[in-house]
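Participant: Predicted coordinates and the sequence they were generated for:
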Amino acid sequence: MSDCSYTAKSGKKTYGLDKYWSGCSQRVLKGLELSTLALLSAKSGLALTLSAYQTPAGLKDETNHLIFYLQELASCSAYLLKKTKYRVVDGFYAKEQAWDRVAELGMFMITMLRSDANMNYIYQGEQKSRGRKRKNRGKVDWKGHEVISRFDKHTTTQEGWYVYSKVVWRPPLSKY
């Protein structure tokens, strides 16, 4: 698992002091950030921290932050591959640069897509006899009620809970 933690910090001379995203406040705040990698046990529910790096100040855009986080992952990859090939990461990592780097390291990434993810329904109708075949049947509207009606509903072992699933098509992610 990879994730970052924010902590408030005042002052002017503290190493790493910059503006970072605070998930609790849902906004960017002045303080410090700690990037962590942890091993999770599905059986016990425990997470054991493997590494923690303080994010340096001055990483001005998302790409520089992502490069820093991926370097941390690469530095621990030899040990991680002995334990598992799967990485559970924050939705921030749902970018082509991260997918490519994680694949280069011989791992798989599990992440939540952003709420504005560009996904399309797969076209399952009759295809034309000539020309390019149809791939999709329109964009998935994540905010509308269409998702519930077009996705497959599955019951769960917990009463009152349902899982909705659908195989959809993702256009190529934009390059970094």
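Facilitator: Structure's in. What do you need?
Participant: Tell me how far the longest strand anywhere in the chain lies from the chain's centre.
Facilitator: In the chain, taking DSSP state E as the definition, the longest strand is strand 27-40. For strand 27-40, the separation from the chain centroid amounts to 15 Å (computed by Cα atoms, centre = their mean, to the nearest Å).
Participant: What helices and strands are in contact with that strand?
Facilitator: Using 3 or more Cβ pairs under 8 Å, 6 or more residues apart in numbering; DSSP states H and E, the elements in contact with strand 27-40 are strand 2-8, strand 18-22, strand 47-54, helix 62-83. C-beta here means a position set from N, CA and C on the backbone, and glycine is covered the same way.
Participant: can you do 10 Å?
Facilitator: Strand 27-40 sits against strand 2-8, strand 18-22, strand 47-54, helix 62-83, strand 86-89, with contacts defined as 3 or more Cβ pairs under 10 Å, 6 or more residues apart in numbering; DSSP states H and E.
Participant: now the worst-scoring helix or strand of the chain on mean pLDDT, how far from the centre of its chain.
Facilitator: Counting by mean pLDDT, DSSP states H and E, the chain has its least confident helix or strand at helix 146-150, which shows a mean of 78. Averaging C-alpha positions (Cα atoms, centre = their mean) puts helix 146-150 23 Å from its chain's average.
Participant: Can you report how many residues lie near the residue nearest to D90 when sequence neighbours are not counted?
Facilitator: Nearest residue to D90, sequence neighbours excluded (Cβ to Cβ, 6 or more residues apart in numbering): D3, at 5.3 Å. Counted with other Cβ atoms under 10 Å, the neighbours of D3 add up to 17.
Participant: and what of the one 3 residues further on?
Facilitator: Around Y6 there are 20 other residues, counting by other Cβ under 10 Å.
Participant: Let me see the confidence value for the spatially most central residue of the chain.
Facilitator: Note on the chain: the residue nearest the mean C-alpha position is G91, at 2.7 Å, using Cα atoms, centre = their mean. Predicted confidence (pLDDT) for G91: 81.
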